[in-house]
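Asker: coordinates for the following, if possible.
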Amino acid sequence: MKYQLFQEIALAIDIPEKGLQKGDVATIVEHHPMRQGEDGYSLEVFNALGETIAVVTVPESALMLPSANEIFSLRSLTATP
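Answerer: Predicted coordinates:
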């Protein structure tokens, strides 16, 4: 397992059906190991007030670690129903 449970990560891809964009921060809540192929992770995404806005499952390649030279910023969620 490359990432740890409850670790904060950033999305490396857009997930338009949930209104999520590359760079959005999420928390790993489950690891889905695969015997063959790419492991997956379930993520919980929160708004700026700490309320859950989405839970998604993505492949490991859809995740990236934040770096020290990046900062948080606010944007409006534009999820489609």
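
Asker: in three-state terms, how would the residue nearest the centre of the chain be classified?
Answerer: For the chain, Ala26 is the residue whose C-alpha lies nearest the centre (C-alpha atoms, centre = their mean; 3.9 Å). Following DSSP: H, G, I helix; E, B strand; the rest coil, the label given to Ala26 is strand.

Asker: excluding its backbone neighbours, what's nearest it?
Answerer: Leaving aside its sequence neighbours, Ala26 sits nearest to Leu43 (C-beta to C-beta, 6 or more residues apart in numbering; 3.9 Å). No exception for glycine: its C-beta is placed from N, CA and C like everyone else's.

Asker: pull up the gap between that neighbour and Asp14, please.
Answerer: 14 Å (C-beta to C-beta, to the nearest Å).

Asker: which one's more surrounded, those two?
Answerer: Each of Leu43 and Asp14 has its neighbours counted (other C-beta atoms under 10 Å); Leu43 has more, 25 against 14.

Asker: what's near enough to touch the more buried one?
Answerer: Taking C-beta atoms under 8 Å, 6 or more residues apart in numbering, we find Leu43 in contact with Ile9, Leu11, Ala26, Thr27, Ile28, Val29, Val55, Val56, Thr57, Val58, Leu63.

Asker: those residues in strands, which ones?
Answerer: In this view, the contacts of Leu43 that belong to strands under DSSP state E are Ile9, Leu11, Ala26, Thr27, Ile28, Val29, Val55, Val56, Thr57, Val58, Leu63.

Asker: among those, which ones are buried?
Answerer: Buried by 16 or more other C-beta atoms under 10 Å: Ile9, Leu11, Ala26, Ile28, Val56, Val58, Leu63, out of the ones in strands among the contacts of Leu43.

Asker: cool, thanks, signing off.
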